[in-house]
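Visitor: any chance you can model this:
(one chain, ligands or ions: 2)
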Amino acid sequence: MQIPSITLRNGLELPAIGFGTGDVKGASGLTTLDAAINNGYRLIDTAYNYENEGTVGQAIKRSSLPREELLISSKLPGRHHKYKNAITAIQESLYRAGLDYYDLYLIHWPNPMRGEYVEAWQALLDAKRFGLVRSVGVSNFLPEHLDKLQAETGELPEINQIELHPLFSQPELRQYDREHGIITEAWSPLGGHDLELSQPIRELPLIKNLADKYHKNSGQIILRWEHQLGVLPLPLSHNAKRQAQNLDIFDFSLTDEEVNEICALDKADARVSEQNPLTNEEL
Ligand SMILES: NC(=O)C1=CN([C@@H]2O[C@H](COP(=O)(O)OP(=O)(O)OC[C@H]3O[C@@H](n4cnc5c(N)ncnc54)[C@H](OP(=O)(O)O)[C@@H]3O)[C@@H](O)[C@H]2O)C=CC1
Ligand SMILES: O=C(O)C(=O)[C@@H](O)[C@H](O)C(=O)CO
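Guide: Ligands and ions are numbered 1, 2, ... in the order given. Predicted coordinates:
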């Protein structure tokens, strides 16, 4: 299946959809990742704190794909924002995965009350200069945090990975990212792994009607809507069939009106995670 690409400011081309790995680890995680790669996923989102960079590295090795055909993204945890710790953590991330470089490395959370994210950003920029990572970005950053990075280092991230789904579509943050040449990635793009919260989103009448109209399922409608917004979604499925369905979104288009109708479902306080980056500090 041909997946379109999205190009970062620095010219790096990413597949327009990636694979989330939040709880994918160990032997069962390896089976999940084998299936994902086999299904055609080429961008894999991991994190130091997921404790699965080893599983991701193992899956890469088993895939027998040339390293350059895969794009691997990891994230720096809050406890390692100090410059020296950040460089060491990136090296440790590489050793865990058995990789020579990451394609992307993001600051996982800004942790604004600790106030060390500019130092962490400087470390990521230097890690890029040292050749440890090809592109650098952030996750869960709000405009005020991004403005501070630019003011203090002169450099903005290539990527901002944020919570985004039909009830929480983040119009202001998407606009900020777009105006600053930052690609928005969506975490919990299907409404997250808590079925009680995500199922009602996928069962919204508008989403179900569109699924019927286009002979797709609700997940595919949501992922297609995110794609048409210019957002790069990172869905996770442990199920090989759903993994394949989530990639099968490039043979139809929603109308502009339908895209806007889904955007109109947005409720500014409908985070499924209740994790507001202003107050949520993760180490
Ligand atoms: N930067 C950050 O702070 C964060 C980043 N993330 C990243 O984002 C990724 C994705 O987010 P996540 O929270 O996992 O949630 P998702 O929105 O990707 O939803 C995953 C859940 O949806 C189910 N699912 C997948 N496809 C379908 C489908 N087509 N129809 C119905 N159900 C489906 C899965 O079940 P099943 O497995 O049974 O298919 C799973 O329970 C994470 O894995 C992680 O990589 C997540 C949270 C925070
Ligand atoms: O999954 C991630 O990337 C996170 O940042 C986690 O903190 C996630 O939001 C979670 O599991 C919180 O309990």
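Visitor: okay, CA-based contacts and neighbour counts for the rest of this
Guide: Will do.
Visitor: distance of the closest residue to L132 other than its chain neighbours from Y41?
Guide: In space, and not counting its chain neighbours, L132 is closest to Y101: 4.8 Å by C-alpha to C-alpha, 6 or more residues apart in numbering. For Y101, the distance to Y41 (C-alpha to C-alpha, to the nearest Å) stands at 19 Å.
Visitor: also P143?
Guide: Distance from P143 to Y41, counting by C-alpha to C-alpha: 30 Å.
Visitor: ditto for W121
Guide: Using C-alpha to C-alpha, one gets 28 Å for the distance from W121 to Y41.
Visitor: what parts of the protein come near ligand 1?
Guide: 20-22, 45-46, 108, 139, 161, 187-193, 219, 234-239, 242, 246 (C-alpha under 6 Å from any ligand atom).
Visitor: picking that back up, out of P143 and Y41, which sits in the busier spot?
Guide: Y41 (22 against 13; other C-alpha atoms under 10 Å).
Visitor: ok, then the element right after the helix or strand L149 falls within?
Guide: Using DSSP states H and E, L149 maps to helix 143-153. Downstream of helix 143-153, the first helix or strand assigned by DSSP H and E is strand 159-163.
Visitor: ok, and what's touching that following strand?
Guide: Here strand 159-163 makes contact (C-alpha atoms under 8 Å, 6 or more residues apart in numbering) with 8, 106, 136-141, 177, 182-189, 271.
Visitor: quick one: list the elements packing against the helix or strand bottoming out on mean pLDDT in the chain.
Guide: Lowest on mean pLDDT, DSSP states H and E among the helices and strands of the chain sits helix 195-202, with a mean of 90. Counting contacts by 3 or more C-alpha pairs under 8 Å, 6 or more residues apart in numbering; DSSP states H and E, helix 195-202 is packed against helix 218-228.
Visitor: neighbouring contacts of the following helix or strand past the helix it packs on?
Guide: Note on helix 218-228: by DSSP H and E, the next helix or strand toward the C-terminus is strand 232-233. Here strand 232-233 makes contact (C-alpha under 8 Å, 6+ apart) with 16-18, 183-187, 189, 223, 226-227.
Visitor: who does strand 232-233 pair up with?
Guide: strand 183-187 (parallel) (DSSP bridges).
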